[in-house]
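Peer 1: mind looking at a prediction? Sequence and model below.
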Amino acid sequence: MKKKVGLTSKIFAGLILGAIFGIILSKVPGGFVKDTLLIGGILKLFARVFVNGIRMLVVPLVFVSLVCGSAAIGDVKKLGRVGAKTLGFYMATTAVAITLALILGNVINPGVGLDLSNVMTSEPTIGQASPLVDIIIDMVPVNPIASMAEGAMLQIIVFALLTGISIALVGEKAKPLINIFDSLNEVIMKMVSVVMLFAPYGVFALIANTFATVGFDAMWPLAKYMIGVILALLIHATVVYMGVLSIFGKLNPVVFFKKFAPTMSVAFSTSSSNATLPLTIETAEEKLGVSNSVASFTLPLGATINMDGTAIMQGIAVVFISQVYGIDLTIQSFLTVIVTATLASVGTAGVPGVGLITLSMVLQSIGLPVEGIALIIGIDRLLDMCRTVVNITGDTVCTLVVAKSEGEFDESIYYSETKTTA
């Protein structure tokens, strides 16, 4: 029986074939066939349809998933201090993750050496610097429908969070509305899957167009982008998370890694926090000594709202794409990225591929070309696997620290020898 080729393999094939075709095309003399029929016709058609498909999903995906995510946070009031500590940990580490990524991105400069400023389809809309007070005021939409039509992402996020929290506070009477949003969320996730089926062809067209313009010059910047993301993920997992575990949890990080390694391997292979969740909960309770009452709350919540790995990818990608297109970002732009990515993490679904859709939202929030996603989508699956490991590691470290502070932690289980079965 023939083995079915997965979407990831198809996208990677599209990336490789597009690069080869683009390099060959770059050697062909200009003329009607190259410039009009191929670059300005067929490649442009497939590339723009794919990019428009991604952009089409941004507003509905962000709004609906954030409403669902924040409505689920309504359960926080049942656990009082545990809920407050968990939310505080998740939001704080996400802000640290995106800040780390932006700093590291500006040190590595992944986009330097690749210039696509001459192929932008429209001028970027980087806003002028505004006082902090005005930025905060502008986050609250006067007309939410207009904000959605205009793609004002911070305003959409604020309105979605307010809607979800209000649904949670209403309680039982809002149950029918929660069911509607849950159904909408499922439909939009399916729409994401359908659009991603077109990804191999869109990636082929976009990458072919890039290499036809710049040739081999794109290789080293892409390698620097990958190195930057992986390095930031390593720093966040080993320095930030293990620092928190050592300082606030007073626990040995080496023991944590030894016992949590099998769960990490599952997260790496599935690229899904949600798919790994049952094993994460089992490991936290049986091998790390967390009580069921804490683990069953903090870990599902983390799979919903704690996406530090995704935030890191978005931070490095913002720097990469801004440099590739020759766009200088202001301090205000970086602050907008930090706020947008942190708040958007509440609604980022724990399934493969959705991080790219929310990346397009972050790019739109500061006026960067969404087309830049095409440069990184072909290599994103490997990075997606890496950042999923970071996501579940953050969920579990938070669970350990919160459980220990609440007296819901058995240290003897944490330091017991891990039993292995033949």
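Peer 2: Yep, it's here. On a predicted model such as this, the values are computed, not experimentally measured, just so you know.

Peer 1: secondary structure element for I376?
Peer 2: helix 373-377 (DSSP states H and E).

Peer 1: so how far is V318 from Y325?
Peer 2: According to Cβ to Cβ, to the nearest Å, Y325 stands 11 Å off from V318. Every residue, glycine included, has its C-beta placed from N, CA and C.

Peer 1: again, but for T283
Peer 2: In terms of Cβ to Cβ, T283 sits 33 Å off from V318.

Peer 1: between the two, tell me which one has more neighbours.
Peer 2: Using other Cβ atoms under 10 Å as the criterion, T283 and V318 rank with V318 on top: 29 against 23.

Peer 1: which residue, neighbours along the chain excluded, lies closest to that one?
Peer 2: V337 (5.4 Å; Cβ to Cβ, 6 or more residues apart in numbering).

Peer 1: ok, now which ones touch E406?
Peer 2: R81, V82, V294 (Cβ atoms under 8 Å, 6 or more residues apart in numbering).

Peer 1: re earlier: give me the contact list for the helix holding I376.
Peer 2: Here helix 373-377 has contacts from 11, 15, 47, 50-51, 54, 199, 202-203, 206-207, 210, 218, 222, 225, 317, 320-321, 324, 356, 359-360, 363, using Cβ under 8 Å, 6+ apart.

Peer 1: buried ones in it?
Peer 2: Within helix 373-377, the residues scored as buried using 16 or more other Cβ atoms under 10 Å are I373, A374, L375, I376, I377.

Peer 1: for it, the distance to its chain's centre please.
Peer 2: From the chain centre to the centre of helix 373-377 is a distance of 14 Å (Cα atoms, centre = their mean, to the nearest Å).

Peer 1: same deal with stretch 240-249?
Peer 2: That offset, for stretch 240-249, works out to 23 Å (Cα atoms, centre = their mean).

Peer 1: ditto for stretch 89-104
Peer 2: Distance, centroid of stretch 89-104 to centroid of chain: 12 Å (Cα atoms, centre = their mean).

Peer 1: buried ones in it?
Peer 2: 89-91, 93-102, 104.

Peer 1: same thing with stretch 387-406?
Peer 2: Buried residues in stretch 387-406, defined by neighbour count with 16+ other Cβ under 10 Å: 387-404, 406.

Peer 1: from these, which ones fall inside helices?
Peer 2: Using DSSP state H, the members of the buried residues of stretch 387-406 that fall in helices are 387-404.

Peer 1: and the pLDDT for the residue nearest to D115 when sequence neighbours are not counted?
Peer 2: Nearest residue to D115 in three dimensions, chain neighbours excluded: G326, at 6.3 Å (Cβ to Cβ, 6+ apart). We note a pLDDT of 83 for G326 in this prediction.

Peer 1: any weak-confidence spans in the stretch 101-250 of the chain?
Peer 2: Low-confidence segments of the stretch 101-250 of the chain (pLDDT under 70): 117-135, 153-154, 213-218.

Peer 1: run the chain-centre distance for the helix or strand encompassing A295.
Peer 2: Using DSSP H and E, A295 sits in helix 292-305. With Cα atoms, centre = their mean as the basis, helix 292-305 stands 19 Å off its chain's centre.

Peer 1: ok, then the element right after it?
Peer 2: Following helix 292-305 toward the C-terminus (DSSP H and E): helix 308-324.

Peer 1: so that following helix versus helix 292-305, what angle?
Peer 2: 20 degrees (axes from the mean of the first three to the mean of the last three Cα atoms, to 10 degrees).

Peer 1: for the stretch 1-150 of the chain, just list every one of the helices.
Peer 2: 7-26, 44-72, 76-79, 81-108, 132-138, 144-150 (DSSP state H, counting those that start in this stretch).

Peer 1: got those helices as CSV, with distance to F181 columns?
Peer 2: Converted to CSV, those look like this (distance: least, Cβ to Cβ, whole Å):
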stretch, distance to F181
helix 7-26, 27
helix 44-72, 5
helix 76-79, 18
helix 81-108, 20
helix 132-138, 26
helix 144-150, 15
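
Peer 1: before we move on, the earlier item: overlap in contacts, Y325 and V318.
Peer 2: Joint contacts of Y325 and V318 (Cβ under 8 Å, 6+ apart) are L368.

Peer 1: D115: which of the buried residues of helix 373-377 is nearest?
Peer 2: L375 (12.5 Å; Cβ to Cβ).

Peer 1: now that closest one: how far from L222?
Peer 2: 7 Å.

Peer 1: check G105 too.
Peer 2: G105 is 14 Å from L222, by Cβ to Cβ.
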